[in-house]
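In: One predicted model, sequence on top.
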Amino acid sequence: MMFLHKQIDVIDATPQKAGRGVSMKMLLSPDESPHFAMRNFTIDAGGYMPLHTNTVEHEQYVLSGRAKVVIGDQTIEAGKGDVLLIPAGVPHSYETLGDETYSFLCLVPKGEDCIEVLAC
């Protein structure tokens, strides 16, 4: 078994093309972990990630901020300490609430993840 240690503050954030104010840090890439990738997404205050689907499920833990999150036909307000499971193929979107950055850890199973943006 491989051991790995990193500091989140030294990992570069990559701006995401879809939405506004969205960036992602790849904390554990599929090449570094045998079963999951771990990412940290941030959405700036006033930002959003449009409605989209993924071919893999998402396990998420909210680190800070609040957002209106649409998952299928449900709309929730997610905030610090919340845990979300978004099944594969289910449309979902995020829109920040308030003046704080929305930040969450997102784990996905190792494998190809095809993303389809449904609305901008």
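Out: Structure received. In this text, all values refer to a predicted model and were calculated from it rather than measured experimentally.
In: If I look at the nearest residue to Leu105 once chain neighbours are set aside, what pLDDT would I see?
Out: In space, Leu105 comes closest to Tyr61 once its chain neighbours are excluded; the distance is 4.6 Å by CB to CB, 6 or more residues apart in numbering. For every residue, glycine as well, the C-beta is placed using N, CA and C. At Tyr61, the pLDDT value in this model is 98.
In: now the chain, which segments are flagged as low pLDDT?
Out: By pLDDT under 70, the low-scoring segments of the chain are 1, 119-120.
In: how about 50 then?
Out: Along the chain, the model assigns pLDDT under 50 to no residue.
In: need the longest strand for it.
Out: Ordering each strand of the chain by length in residues (DSSP state E) puts strand 36-54 first.
In: what angle separates the next helix-or-strand element following that one from strand 36-54?
Out: Tracing the chain C-terminally past strand 36-54 and defining elements by DSSP states H and E, one meets strand 58-64 next. Strand 58-64 runs at 100 degrees relative to strand 36-54, counting by axes from the mean of the first three to the mean of the last three CA atoms, to 10 degrees.
In: Which secondary structure elements does strand 58-64 sit against?
Out: strand 83-86, strand 102-109 (3 or more CB pairs under 8 Å, 6 or more residues apart in numbering; DSSP states H and E).
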